[in-house]
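K.L.:
Quick one, what's the 3D model for this:
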Amino acid sequence: MQSQDVAQRPAPPSSTGPVVDVEQAEAALVEHYPRLVRLAYLVLPPGLGRSRRVLTAHALTQRALPRNRTPAPVIPAQSTGRDGDPGYAVVRLKVLRTALEAGLPLKRKAWPRRSQLPPVLPQVWGLKLFPRSGGADELALDQRLSTLSGPARAAYALRGVERLPDEGALEVLTAVGVADPEGALLEAGGVPAQYGLLDSPEFDPCSLQARPTDLMRRRQHLKAALAAGAALLVCGALLGLPGEGWGPDGAAAPPYARNPSAQAALDPAKLTRVSPAAWRSSARTDFSVWPARGDLTGDDALLRRALAVWARPGGTVQVSATPGTPSGGPPGPPQLLYAGTVDAARVVLLHDGLRIVRYAEPKDGAEGAALDFARVDGATRAEAGAVVLGRADGNVRYLTAPWVSEARERDLMKPGSGAMDLTLTDGVTAPLAGPALRPGPCTSWNVLQLTDGDGIRLLTDLGELVPARLTTGRPGAARDASGARAAHTWQPFACSLGTVRSAGVRSVNAWAFNEQPLPDASGSAAWVCTRAETWRGGGARVLAQFHTPGGRYGAVAAKAENVPACGPRDPHVLAGVLWKAEEGGWYLLAAGSRRTASIRAGGGVEGAARGSLLTVRAEQGAQAELKGTLKDGRSLGGLQ
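P.N.:
Down below sits the predicted model:
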């Protein structure tokens, strides 16, 4: 017998309500378009990026019109202006449903839904569009919302944007097909009810800033497209030539030409195999001196399949490459790093001097093979410490360098808890819990700690073959994040590493560039700049983060890409944030690196100060432009 104090789940909305025609739905959509787009923007997964979320939110809202007359569901009462509007109810349900579908993972054996595909329209070529940045509270709220699941974000938006009570939100969530609406409301309740902040420009996809896309990358992509088109024409002509060819090898595609060099690159007997002791006497300590390891290094059939798939991957092969990494075939016989069984797969690791290539196939056949590329040219001993062998059930196995003597697992979010030993078997680690993004707050970030003759290093998995090296200190003099002080520096900013996943990151440095007393005498806030360098040289991502005393996370105050700030070429940075004191007053807080001589704020907030710190009274939502002057007289712009 069910207890009387357990709330019954609301029944799905009835289809016996009034019938809505297309004109009525269109009128509701046009009238409430900004509100509907804001709903979609808040519900869409944050991993899409702000620019794509904006375009997707507009596309989903514009596709929300029904094709014909549609029964309106029974919906809860709305705020003034939308009471009893069945047209609005129909369109809102469609927007929420498609926004939730856009966050669902793609399935290998099912066609993607239209909402899961990038929008064809609206589209703006050559421009990135994104909402204006808000203050510290808005940035903190956006970070908290990014940790929620899609249904929980929908619940928060229904409470905050639609001003629905919990009963009404439950009905709407049930109507859009959420499996556990009560759980979504409970999860959304874990985020502070700062609903007034949802009206700020930070969450308004109709009030946008425009910036150009990467001009150099666009030019490179155009050249690559022209070259690819020419190659397709040549390959098409060669496919028409007579001859038997090599025939398929596992998941490899049929060959496209007879070529002695290409044939040599496909011969397992010609693979380079380095002596296990070569690294001890070599002038270089990078991937080129790794020996071949694993229990299948003598399996010529497996090695031939791996080489053939690398040269000409078939249509069923899942191919991935880090940004800036060419995915073409080997220029000659590569070096064998590993061939063995990893969990439920056979894995081969190869190195051609420029790239690490990982081939994986299931134990029971070559169907479902995967091929991954990662650029590693110019790797040093510190960056050639480990390669990902495989991921399963949220865990990661690494193959470590031959000079690594010890491997451990450490949680950056708990620097005082020590490290847990990981067994090393022929260089292969025991499974390590990866820092995968999960629903809910970010409470841990596990990293790999390696010990070798040069000291201790921390490496973090960012979803690629080669983990990124973590460092701390002033640009140009950064050192490995290994001691207790370095671990405490990274603690509030560990979860921000999720923003540079799958970006081809080589290393990430955290630099505490200043400390600022808070105007309400509640302590001092730390200003930290994190800069992610990539293997391709360009595309570095910079975050200026603001950490108040007692806070668990740092708030992102400013971010930029492809700028020299906070790096060895330009070890200076200037950033600001709108901060709300406990008594309710708002302030513009700005800080520059220690060699900043003065700071001036203009635009929505006016103020100036000598030195590297600025504190000015401000209004909520104010926009300020920062300019600084270095001690040598050079100007310093604020990080945007």
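K.L.:
which SS state does A384 fall under?
P.N.:
coil (DSSP: H, G, I helix; E, B strand; the rest coil).
K.L.:
Identify the residues contacting it.
P.N.:
T285, D286, F287, W290, V376, A401 (Cβ atoms under 8 Å, 6 or more residues apart in numbering). C-betas here are computed from N, CA, C, even on glycine.
K.L.:
which one of those residues is nearest W579?
P.N.:
Closest approach between the contacts of A384 and W579, by Cβ to Cβ: V376, at 41.5 Å.
K.L.:
how about the closest one, phi and psi?
P.N.:
Dihedral angles of V376 (phi, psi; degrees, to the nearest 10) stand at phi -140, psi 20.
K.L.:
one step back: determine which two of the contacts of A384 are furthest apart.
P.N.:
Among the contacts of A384, T285 and V376 lie farthest apart (Cβ to Cβ), at 13.3 Å.
K.L.:
Could I get the contacts of A384 in TSV, plus columns for distance to A28, pLDDT and secondary structure?
P.N.:
Listed next are the contacts of A384 as TSV, based on distance: Cβ to Cβ, whole Å; pLDDT from 0 to 100; DSSP: H, G, I helix; E, B strand; the rest coil:
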residue	distance to A28	pLDDT	secondary structure
T285	66	91	coil
D286	62	94	coil
F287	60	96	helix
W290	63	97	coil
V376	55	95	coil
A401	62	97	coil
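K.L.:
Can you turn the buried subset of the residues you listed into a selection I can paste into ChimeraX?
P.N.:
The buried subset of the contacts of A384, as determined by 16 or more other Cβ atoms under 10 Å, is captured in ChimeraX by this line:
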select :285,286,287,290,376,401
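K.L.:
Columns distance to A99 on top of the contacts of A384, output as CSV?
P.N.:
Shown next, in CSV, are the contacts of A384 (distance: Cβ to Cβ, whole Å):
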residue, distance to A99
T285, 50
D286, 46
F287, 43
W290, 46
V376, 38
A401, 45
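K.L.:
So which of the contacts of A384 is the closest to A169?
P.N.:
Comparing the contacts of A384 against A169 with Cβ to Cβ places V376 closest, at 49.1 Å.
K.L.:
Test my guess that the closest one contacts G504.
P.N.:
No - under the criterion of Cβ atoms under 8 Å, V376 is not in contact with G504, lying 10.4 Å apart.
K.L.:
where exactly do the helices run in the chain?
P.N.:
With DSSP state H as the criterion, the chain has helices at 22-31, 33-43, 50-62, 86-102, 136-145, 150-160, 166-175, 181-188, 215-239, 260-265, 278-281, 300-311, 484-490.
K.L.:
roughly how far is stretch 396-413 from the heart of the chain?
P.N.:
Stretch 396-413 sits 23 Å away from the centroid of its parent chain (Cα atoms, centre = their mean, to the nearest Å).
K.L.:
rewinding a little: what's the least confident stretch among the helices of the chain?
P.N.:
Mean pLDDT values for those show the minimum at helix 215-239, a mean of 59.
K.L.:
Kindly report the domain assignment for this protein.
P.N.:
Domain assignment for the chain by automatic domain parsing gives 19-212, 252-375, 391-527.
K.L.:
any chance of those domains in JSON lines, with distance to R595 too?
P.N.:
Shown next, in JSON lines, are those (distance: least, Cβ to Cβ, whole Å):
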{"stretch": "domain 19-212", "distance to R595": "25"}
{"stretch": "domain 252-375", "distance to R595": "32"}
{"stretch": "domain 391-527", "distance to R595": "10"}
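K.L.:
Out of those, which gets nearest to E582?
P.N.:
For E582, the closest of those is domain 391-527, at 5.9 Å, according to Cβ to Cβ.
K.L.:
Now the terminal residues of that closest one, how far apart.
P.N.:
End-to-end distance for domain 391-527: 35 Å, by Cα to Cα, to the nearest Å.
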